[in-house]
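Visitor: my questions are about this predicted structure, shown below with the sequence.
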Amino acid sequence: MARAATIPKTSPEIQAFVRLVRASVAVTRELSAQLSADHGLSINAYEALLTLARAPDSRMRRVDLADSLLLTASGVTRLLDSLECDGYVGREQCESDRRVSYAVLTKTGRDKLREADTTHTRQIRELMGEHFEDGELTQLADLLARLPGVEPADESCAPDS
């Protein structure tokens with residue numbers, strides 16, 4: 001007689017972590033595909049433009065932008081090279097330290113961000129609103145804000161200016 005396989009009970013911590021990671025990947029894929037189809041931007045490109053729009057003088061050291069986007073130095077270089085080719089971002093050298101360069105949002109990049117923002121934020125609202133009520137979304141945001149590295153003050157998808 002064959003024995004049924006025993007499946008060990010998963011702890012709530014592991015179950016929550018796995019669902020959080022899977023949800024993050026699935027939502028990111030869907031929103032990135034929509035951004036790409038509608039505006040020719042990946043979600044990382046959109047986040048880079050948004051981060052630069054919020055920075056003082058719409059510029060950041062490239063290494064700081066990489067940290068902000070949770071990308072490696074080579075990852076942000078590839079991303080910025082593409083955004084530079086499209087005219088959305090420029091590059092400036094630091095006058096006091098030639099090893100430092102800045103990524104600077106161009107007018108074309110700001111215009112592209114504004115164009116993408118309307119549909120992207122609508123798509124986020126639709127996706128999240130389809131699965132959660134307002135009170136649940138508030139609770140979810142509050143719970144996730146407890147995790148390390150989450151910046152609850154940086155919650156809007158809209159550029160500041």
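Guide: That came through fine. Residues are numbered from 1 along each chain as shown.

Visitor: what about the residue nearest to the spatial centre of the chain, helix or strand, and which?
Guide: Closest to where the C-alpha atoms of the chain average out (C-alpha atoms, centre = their mean) is Glu47, at 4.6 Å. Applying DSSP states H and E as the criterion places Glu47 in helix 43-54.

Visitor: contacts for that helix next, please.
Guide: 28, 31-32, 35, 39, 41, 58-60, 65, 68-69, 71, 76, 79-80, 82-83, 88-89, 103-105, 109-110, 112-113, 116-117, 120, 154, 157, 159-161 (C-beta atoms under 8 Å, 6 or more residues apart in numbering). No exception for glycine: its C-beta is placed from N, CA and C like everyone else's.

Visitor: and that helix, average pLDDT?
Guide: When pLDDT is averaged along helix 43-54, the result is 96.

Visitor: which helix in the chain has the most residues?
Guide: Longest helix of the chain, by residue count under DSSP state H: helix 12-39.

Visitor: now it against helix 43-54, angle please.
Guide: Angle, helix 12-39 to helix 43-54, by axes from the mean of the first three to the mean of the last three C-alpha atoms, to 10 degrees: 80 degrees.

Visitor: report all helices and strands that helix 12-39 contacts.
Guide: On a contact count with 3 or more C-beta pairs under 8 Å, 6 or more residues apart in numbering; DSSP states H and E, helix 12-39 meets helix 43-54, helix 107-131.

Visitor: distance to Gly149 added to these, as TSV?
Guide: Listed next are those as TSV, based on distance: least, C-beta to C-beta, whole Å:
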stretch	distance to Gly149
helix 43-54	15
helix 107-131	20
